[in-house]
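# based on what follows, work out the 3D shape:
(one chain, ligands or ions: 1)
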Amino acid sequence: MVDPATNSEARHPTVADAAPATRLWGGRFSASPSEALAKLSVSVQFDWRLAPHDLASSRAHARVLHRAQLLTDDELSAMLGALDALEDDVRSGTFRPTIEDEDVHTALERGLLERLGSTGGKLRAGRSRNDQIATDLRLYLRVAVRQLAVALLDLAEALSDQADRHVDTPAPGMTHLQHAQPVSFGHQLLAHVQPLLRDVSRLRDWDVRAAVSPLGAGALAGSSLPLDPARTAAELGFTGVTENSIDAVSDRDFAAEFLFVAALAGVHLSRIGEEMVLWTTSEFGWIELDDRYATGSSIMPQKKNPDVAELARGKSGRLIGSLVTLLTVLKGLPLAYDRDLQEDKEPVFDAIDTLATVLPALTGTIGTMTVRADRMSASAPSGFSLATDVAEHLVRQGVPFRDAHEAVGHLVVWCSSHDVDLHEVSDADLAAISPHLTPEVRAVLSVPGALAARSAPGGTAPSRVREQLDRVRRAITDGRAWATAG
Ligand code: ARG
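Below you'll find the predicted structure:
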């Protein structure tokens, strides 16, 4: 297929390219469209990527016309032969859209007529661009979301591989971006994997609802010809047909829902990106980026910048924008088809292209980064992050949590004002701060001990993190099997 993203001619068809006009609606007009209208209405520069799907639905439609005895055996085989030849020419770039073509459907009808002559005109019976475009976009997205799922799972895997190496690496866990409690760095990385797995699961749910075929709805009311929408649906890999022909051509829920999933995935990438930006600062210094995934400064020779992470964060704005664009287009549209609906495609394509560009870069960045386990572990206990462990120790001794919280609060204030850490307080000072603070509290002032102690399901104890990692790996395998099946 000719991808307009890489084919500048397809992206900017010129008048010089133009073949004789093959408008699909010339009959009742005595004048050609003005140049201004043509320029506004043309969509072929972006909908051309739907060509393979439009050809697939044309083949299915031709078979249904044949079964309805609206095409003879010879006409059907000539039609299928011409569609195959056209597909080859589209793929090789021999056949290209021109600015006169208005949209992908017009361009492909021209290509068919050029190869088949007037019999090509029979294909249009019983269908409309309204049900065609709704069908094409669903077909396109059902393929694209599977590729997106693979890219999300690649990122999930890169994070999981790093997590695997750092299950036992203590890191400061944060709330409010302040040291809270020590956590396993592997646990922290897997906390970014879970949203990605949910994204993939959302795409799978989406696919169940998107897998119904609008083809057969015609312009809006269905067809008076004896077509068989269930057959075309099955041939195109759909699981069923739309229930209502008016809804079939008006509905873009599938596009909006996809854009929501894409926007939310963008938000997840943004949150990963933000943490990586922080972790690469000299203040944190927890990770170092591979040279292939970092950039320099044109003036400051020492700089090594986390641009991939920043772009992952920045692109989320664009993904959210695409969702808002489509919802705004749809709001208040009367049924059935309106030309406004043509505005559905660019946000969808942009979201697909954006994620297809960001995800491999982020995956490479994470897969190749070096984790400075020494620095991370050294700062794990700072900021009195073991204070909760002391309080919970007192609870185990029978002290009400309220009193334990208060006692440890005093201890922290005392440590702050004397500029010492929790373990540096003498027995006498502990006792003076609170009678609950016996020398036994020292037993819980160990970071590995604090991690191991949090062994409730879903907790940061390395044993639990390993279990989580096993389940994550199984979910990744399962997601890949779905995304690559058939
Ligand atoms: N290019 C159009 C779109 O994307 C195709 C459908 C045109 N239908 C029509 N009635 N003008 O929506």
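# how many neighbouring residues does the residue nearest to Pro182 when sequence neighbours are not counted have?
In space, Pro182 comes closest to Ala380 once its chain neighbours are excluded; the distance is 4.2 Å by Cβ to Cβ, 6 or more residues apart in numbering. To be clear about C-beta, it is placed using only N, CA and C from the backbone, and glycine gets the same treatment. Ala380 has 25 neighbours, counted by other Cβ atoms under 10 Å.
# just use 863 as the starting number from now, easier for me
Sure, I'll start counting at 863 from here, so that last one is Ala1242.
# per-residue pLDDT, Ala1242?
Note on Ala1242: pLDDT of 92.
# same thing with Met1162?
Per-residue pLDDT puts Met1162 at 87.
# His874 now?
pLDDT for His874: 46.
# can you check Thr1101 too?
In this prediction Thr1101 is given a pLDDT of 98.
# can you check Pro882 too?
With respect to pLDDT, Pro882 scores 51.
# so for the host helix or strand of Asp1067, mean pLDDT?
Here Asp1067 sits within helix 1047-1072, counting by DSSP states H and E. Computed over helix 1047-1072, the mean pLDDT rounds to 98.
# who does the helix or strand that it is followed by pair up with?
Once the chain leaves helix 1047-1072, the next helix or strand it forms, by DSSP H and E, is strand 1074-1075. Paired neighbours of strand 1074-1075 in the sheet (DSSP bridges): strand 1102-1103 (parallel).
# what is the longest helix belonging to the chain packed up against?
Longest helix of the chain, by residue count under DSSP state H: helix 991-1027. Counting contacts by 3 or more Cβ pairs under 8 Å, 6 or more residues apart in numbering; DSSP states H and E, helix 991-1027 packs against helix 913-929, helix 966-978, helix 1047-1072, strand 1074-1075, helix 1107-1112, helix 1115-1142, helix 1207-1230, helix 1324-1346.
# please identify the buried residues of it?
991-1004, 1006-1008, 1010-1022, 1024-1026 (16 or more other Cβ atoms under 10 Å).
# quick check, that helix touching the ligand?
Yes - under the criterion of Cβ under 6 Å from any ligand atom, helix 991-1027 makes contact with the ligand via Arg991, Asn992, Ile995.
# chain center to that helix, what's the gap?
Relative to the centre of its chain, helix 991-1027 is centred 7 Å away, using Cα atoms, centre = their mean, to the nearest Å.
# sec struct for whichever residue of the stretch 1013-1162 of the chain sits closest to the ligand, please.
Going by Cβ to the nearest ligand atom, the ligand is nearest to Ala1081 of the stretch 1013-1162 of the chain, at 7.0 Å. With DSSP: H, G, I helix; E, B strand; the rest coil as the basis, the three-state label of Ala1081 is coil.
# could you check how far it is from Asp1202?
For Ala1081, the distance to Asp1202 (Cβ to Cβ, to the nearest Å) stands at 16 Å.
# more neighbours, these two?
Ala1081 (16 against 13).
# against Val1191, how distant is the nearest residue to the more buried one once chain neighbours are set aside?
Spatial nearest neighbour of Ala1081, excluding adjacent residues (Cβ to Cβ, 6+ apart): Ser990 at 4.1 Å. Using Cβ to Cβ, we find Ser990 at a distance of 20 Å from Val1191.
# identify the residues contacting the nearest residue to Leu1087 once chain neighbours are set aside.
Among residues not flanking Leu1087 along the chain, Gly988 sits closest, at 4.3 Å (Cβ to Cβ, 6+ apart). Neighbouring residues of Gly988 by Cβ atoms under 8 Å, 6 or more residues apart in numbering: His923, Val926, Leu927, Ala930, Leu932, Gly1078, Gly1080, Ser1085, Leu1087, Leu1089.
# among these, who's most crowded?
Neighbour counts for the contacts of Gly988 (other Cβ under 10 Å) peak at His923, which has 27 neighbours.
# so what's it up against?
Counting by Cβ under 8 Å, 6+ apart, His923 has contacts Leu985, Gly988, Arg989, Leu1077, Thr1094.
# got those residues as JSON lines, with distance to the ligand and pLDDT columns?
Shown next, in JSON lines, are these (distance: Cβ to the nearest ligand atom, whole Å; pLDDT from 0 to 100):
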{"residue": "Leu985", "distance to the ligand": "16", "pLDDT": "97"}
{"residue": "Gly988", "distance to the ligand": "15", "pLDDT": "95"}
{"residue": "Arg989", "distance to the ligand": "11", "pLDDT": "95"}
{"residue": "Leu1077", "distance to the ligand": "13", "pLDDT": "97"}
{"residue": "Thr1094", "distance to the ligand": "18", "pLDDT": "97"}
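# out of these, who's the most crowded?
That'd be Leu1077 among these, by other Cβ under 10 Å, with 29 neighbours.
# list the contacts for the spatially closest residue to that residue that is not a sequence neighbour?
In this structure, Leu1077 finds its nearest non-sequential neighbour in Thr997, 4.5 Å apart by Cβ to Cβ, 6+ apart. By Cβ under 8 Å, 6+ apart, Thr997 lies in contact with His915, Ser919, Ser1075, Pro1076, Leu1077, Leu1098.
# show the backbone phi and psi for the fifth one.
Its backbone dihedrals place Leu1077 at phi -70, psi 130, with angles given as degrees, to the nearest 10.
# for the closest residue to Asp1026 other than its chain neighbours, give me its contacts.
Leaving aside its chain neighbours, Asp1026 sits nearest to Leu1331 (6.1 Å; criterion: Cβ to Cβ, 6+ apart). With contacts defined as Cβ under 8 Å, 6+ apart, Leu1331 is in contact with Ser1022, Ala1025, Asp1026, Val1029, Gly1048, Leu1052.
# which pLDDT value belongs to Leu1331?
98.
# and it, how far from the ligand?
With distances taken as Cβ to the nearest ligand atom, to the nearest Å, Leu1331 is found 45 Å from the ligand.
# can I assume Phe1116 is in contact with Arg1004?
No - between Phe1116 and Arg1004 there is no contact, the gap being 9.2 Å when judged by Cβ atoms under 8 Å.
# which neighbours do these two have in common?
Shared contacts of Phe1116 and Arg1004, counting by Cβ under 8 Å, 6+ apart, come down to Ala1072.
# can you pull the contacts of the residue nearest to Ser905 when sequence neighbours are not counted?
In this structure, Ser905 finds its nearest non-sequential neighbour in Asp965, 4.7 Å apart by Cβ to Cβ, 6+ apart. Asp965 sits next to Val904, Ser905, Val906, Asp909, Arg991, Ile995, Gln1204 when contact means Cβ under 8 Å, 6+ apart.
# the ligand contacts on the stretch 1063-1212 of the chain?
Tyr1199, Arg1201, Leu1203, Gln1204.
# residues near the closest residue to Thr1216 other than its chain neighbours, how many?
Closest residue to Thr1216 apart from its sequence neighbours, by Cβ to Cβ, 6+ apart: Lys1177 at 5.3 Å. Lys1177 has 20 neighbours, counted by other Cβ under 10 Å.
# the strand or helix carrying Lys1177 vs helix 1207-1230, what angle?
Lys1177 is located in helix 1169-1192, with elements delineated by DSSP H and E. Relative orientation of helix 1169-1192 versus helix 1207-1230 (axes from the mean of the first three to the mean of the last three Cα atoms, to 10 degrees): 160 degrees.
# and the helices and strands packed on helix 991-1027 as CSV, adding distance to Met1238?
Shown next, in CSV, are these (distance: least, Cβ to Cβ, whole Å):
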stretch, distance to Met1238
helix 913-929, 48
helix 966-978, 52
helix 1047-1072, 6
strand 1074-1075, 50
helix 1107-1112, 54
helix 1115-1142, 9
helix 1207-1230, 16
helix 1324-1346, 15
